[in-house]
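A.B. asks: Build the 3D model from these lines:
(one chain, ligands or ions: 2)
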Amino acid sequence: MMINCKGSIVRNDIYAPLCHCLGIKVPYQSKIVAGQFVYVLVQKTTYPLLRRPFSIYDVESENKNGSTIFDILFRVVGKGTEILAQKKPSDNVDFLGPLGNGFSVSKSSEMVIFIAGGMGIVPLHLAARQLKMKEPQKKLMLFWGAKTRSEFGGLGNFEKLGLDIFLSTEDGSLGKKGQITTFAETYLSGFDNTITKRVEAYACGPVPMLNKIIEIVKAKKIRCQVSLESKMACGLGACGGCAVKLDMGDGHFRYSRVCSEGPVYKIV
Ligand SMILES: Cc1cc2nc3c(=O)[nH]c(=O)nc-3n(C[C@H](O)[C@H](O)[C@H](O)COP(=O)(O)OP(=O)(O)OC[C@H]3O[C@@H](n4cnc5c(N)ncnc54)[C@H](O)[C@@H]3O)c2cc1C
Ligand code: FES
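C.D. replies: Numbering: from 1, shown residues only. Ligands and ions are numbered 1, 2, ... in the order given. Predicted coordinates:
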């Protein structure tokens with residue numbers, strides 16, 4: 001278990017333009033569930049003041065000396081990620097984690113469908129890899145959409161895992177042209193009740209994409225978990241800054257802290 005940790009950077013690989021994979025080593029054994037995240041202090045100055053949250057992309061445990069190396073994969077979008085992108089091997093980094101819950105896999109499913117928008121791919125990679133290891137008999141399929149072809153950092157890692165992969169881009173530069181939700185919906189529309197009972201879906205991406213996925217899985221009664229993003233402050237469930245309004249159905253809503261009660265939510 002890690003909570004407030006100092007890690008050491010072991011690699012900074014560029015997977016695509018502005019898309020970096022940082023390997024972080026900690027001198028502990030740690031059990032990490034796919035969907036959990038780390039809350040990283042990008043540098044010890046007053047700006048950027050807040051830590052930055054990143055899902056865990058991959059984990060490898062080095063049993064010999066009891067250490068763990070985990071990867072985060074991020075897109076450079078502002079000051080914090082700009083600073084992180086400049087980290088070099090042997091630089092130190094402070095973080096809290098692993099935080100939040102993770103995906104929980106249903107024993108009865110025979111097929112898992114991953115649906116990602118852009119960097120929403122990150123938690124789904126660890127989920128796919130852990131599933132491949134633990135339950136190799138399950139059929140795994142990935143629907144991944146992005147704006148353009150340069151946003152598919154780490155695609156080769158999914159190809160290596162042997163998933164069935166369907167890609168789409170908004171500009172048509174890779175895969176089919178259009179929104180990934182359209183293609184996922186068409187694919188799922190071919191499933192009857194006997195199949196949907198044996199299927200589950202995991203999704204992560206922008207809110208409009210997730211709203212569409214929620215509509216689709218509810219209509220088809222497909223078990224589904226989505227991973228949400230929200231702006232965070234404490235990262236530990238204390239401040240309420242990350243709260244999102246959840247629609248509980250029948251006109252009822254409740255607020256939930258993404259950092260401690262999420263970021264993964266069961267939909268169906
Ligand atoms: C649970 C969780 C997991 C995430 N996983 C990943 C990931 O695996 N890969 C990845 O590339 N990105 C991920 N993000 C988004 C990532 O945290 C932001 O891109 C990052 O914080 C931007 O920091 P910045 O200083 O570079 O950008 P800023 O200049 O601060 O802002 C750029 C954009 O990032 C958003 N942002 C800024 N601070 C936060 C914050 N504390 N929390 C959430 N959003 C923020 C802003 O609204 C703005 O849209 C995740 C976010 C959450 C909440
Ligand atoms: S960030 Fe403070 S409660 Fe979630």
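A.B. asks: wait, does the helix or strand where F158 lies contact ligand 1?
C.D. replies: Taking DSSP states H and E as the definition, one finds F158 inside helix 155-161. No - figure legend: helix 155-161 not in contact with ligand 1 (CB under 6 Å from any ligand atom); closest approach 13.9 Å. The way it works is simple: take the backbone N, C-alpha and C, and place the C-beta from them, glycine included.
A.B. asks: just checking, what packs against whatever helix or strand comes next after that helix?
C.D. replies: The element immediately downstream of helix 155-161 (helix or strand, assigned by DSSP H and E) is strand 164-169. Judged by 3 or more CB pairs under 8 Å, 6 or more residues apart in numbering; DSSP states H and E, strand 164-169 is in contact with strand 139-146, helix 155-161, strand 176-177, helix 180-189.
A.B. asks: what sits against the nearest residue to Q137 once chain neighbours are set aside?
C.D. replies: Spatial nearest neighbour of Q137, excluding adjacent residues (CB to CB, 6 or more residues apart in numbering): E110 at 7.8 Å. By CB atoms under 8 Å, 6 or more residues apart in numbering, the residues touching E110 are Q137, K138, K139, R198, V199.
A.B. asks: What subset of the residues you listed is buried?
C.D. replies: For the contacts of E110, a neighbour count by 16 or more other CB atoms under 10 Å gives the buried set as R198, V199.
A.B. asks: Grab the two from the contacts of E110 that are most spread out in space.
C.D. replies: Largest separation among the contacts of E110 by CB to CB: Q137 and V199, giving 14.4 Å.
A.B. asks: picking up where we left off before, return the most buried member of the helices and strands packed on strand 164-169.
C.D. replies: Comparing these by mean neighbour count (mean count of other CB atoms under 10 Å), strand 139-146 comes out on top with a mean of 23.
A.B. asks: If you average the pLDDT over that strand, what comes out?
C.D. replies: What strand 139-146 shows for mean pLDDT is 98.
A.B. asks: That strand pairs with which strands, parallel or anti?
C.D. replies: Applying DSSP bridges, strand 139-146 is found paired with strand 111-117 (parallel), strand 164-169 (parallel).
A.B. asks: does any part of that strand sit near ligand 1?
C.D. replies: No - interface with ligand 1: strand 139-146 contributes nothing (CB under 6 Å from any ligand atom), its closest point being 12.4 Å away.
A.B. asks: Who are the packing partners of the lengthiest strand in the chain?
C.D. replies: The single longest strand within the chain, with elements called by DSSP state E, is strand 4-16. Strand 4-16 sits against strand 19-26, strand 92-99, with contacts defined as 3+ CB pairs under 8 Å, 6+ apart.
A.B. asks: Turn those into a markdown table, including mean neighbour count, mean pLDDT and distance to ligand 1.
C.D. replies: As requested, the helices and strands packed on strand 4-16 are arranged in a markdown table below (neighbours: other CB atoms under 10 Å; pLDDT from 0 to 100; distance: least, CB to the nearest ligand atom, whole Å):
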| stretch | mean neighbour count | mean pLDDT | distance to ligand 1 |
| --- | --- | --- | --- |
| strand 19-26 | 21 | 97 | 8 |
| strand 92-99 | 21 | 95 | 8 |
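A.B. asks: In TSV, list those along with distance to ligand 2.
C.D. replies: Output for the helices and strands packed on strand 4-16, formatted as TSV (distance: least, CB to the nearest ligand atom, whole Å):
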stretch	distance to ligand 2
strand 19-26	21
strand 92-99	9
